[in-house]
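Colleague: with the input below, show me the fold.
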Amino acid sequence: MAKANVKEMKASTRARAGKGGAREVRRAGQVPGTIYGDDKEPLNVALDYKELTSRIFAGHFLTTIYDLDIDGKKHRVIPRDYQLDPVKDFPIHVDFQRLGEGAQIRVSIPVHVRNAEVSPGVKRGGAVNIVTHSIDVRCPADAIPEAIEVDLSNLDITDSVHLSEIKLPDNVRPLLAGDATLVTIVPPSGVIEEQRAAAAAAAAGPADAAAAPAAGAAPAAGAAGGDKKAAAPAAGGDKKPAEKKPADKK
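Modeller: Numbers count the residues shown, from 1 in each chain. Below is the predicted model:
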């Protein structure tokens, strides 16, 4: 599990705080920022717009340690928040947390997968489903893992990997209350339909077999009943008509 590297970035102090000072910094092609923490007074700074923008959109900005070179003095910090213009999507402010010696911080670590191409489940048509995209952990500021890596080389369809199965460094403690499912291999839709159809057939099979004799007996009973009805007129036909008595002679 690789650790994040410490990177460098230049900044300068800004004399004016507040909205007026921030507008002046932006008009000069810079981005206003603030450094706080480590039981020291907040420090208002200004950063180069192009450099900060490229750092933010390169990814991992909020999990990267920076040595800010401010007027020749380095300040070790970690970005804690940044604001983007709601319309044009460019940075308009950034906050840094100052990191003292041996500082422990809370940070969100992304979940990355590897060896998906050799996964038996993927080879059979399954899809990789990242259930948990990041994990909040507490760790030393100078030992932030770059990512939590999940190896899929042995995963088949419906298999999953949980956080408890991942070996974390001793100084990295997850802050989740329970054991999180990180990644699972989802079966393709065709396989799901086949499994459902097979399960339905297996459940319905014994009932259909038991019902078959009763269904077959119905026509026989009907046929017998039909014979009786057919025989009734014949029995009635055997009777002779009643003889007429001769009329009494006067």
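Colleague: tell me the contacts of the residue nearest the centre of the chain?
Modeller: Note on the chain: the residue nearest the mean C-alpha position is residue 131, at 3.1 Å, using C-alpha atoms, centre = their mean. Contacts for residue 131 were tallied using C-beta atoms under 8 Å, 6 or more residues apart in numbering; they are 160, 180-184. No exception for glycine: its C-beta is placed from N, CA and C like everyone else's.
Colleague: mind running it again at 10 Å?
Modeller: By C-beta atoms under 10 Å, 6 or more residues apart in numbering, the contact list for residue 131 reads 111, 160-162, 180-184.
Colleague: isn't residue 17 right up against residue 46?
Modeller: No: between residue 17 and residue 46 there is no contact under C-beta atoms under 10 Å: 11.4 Å.
Colleague: overlap in contacts of these two?
Modeller: Residues touching both residue 17 and residue 46 (C-beta under 10 Å, 6+ apart) are residue 32.
Colleague: can you give me the strands in the chain?
Modeller: For the chain, the strands defined by DSSP state E cover 7-13, 30-37, 40-48, 66-70, 73-84, 91-98, 104-114, 127-130, 134-140, 148-151, 160-162, 173-174, 181-186.
Colleague: a markdown table for the ones you listed, including mean neighbour count, mean pLDDT and distance to residue 24?
Modeller: Output for those, formatted as a markdown table (neighbours: other C-beta atoms under 10 Å; pLDDT from 0 to 100; distance: least, C-beta to C-beta, whole Å):
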| stretch | mean neighbour count | mean pLDDT | distance to residue 24 |
| --- | --- | --- | --- |
| strand 7-13 | 15 | 94 | 13 |
| strand 30-37 | 21 | 95 | 9 |
| strand 40-48 | 17 | 94 | 9 |
| strand 66-70 | 18 | 95 | 18 |
| strand 73-84 | 16 | 95 | 17 |
| strand 91-98 | 19 | 96 | 13 |
| strand 104-114 | 16 | 94 | 32 |
| strand 127-130 | 14 | 96 | 44 |
| strand 134-140 | 17 | 94 | 36 |
| strand 148-151 | 18 | 95 | 42 |
| strand 160-162 | 17 | 97 | 51 |
| strand 173-174 | 15 | 94 | 43 |
| strand 181-186 | 19 | 96 | 46 |
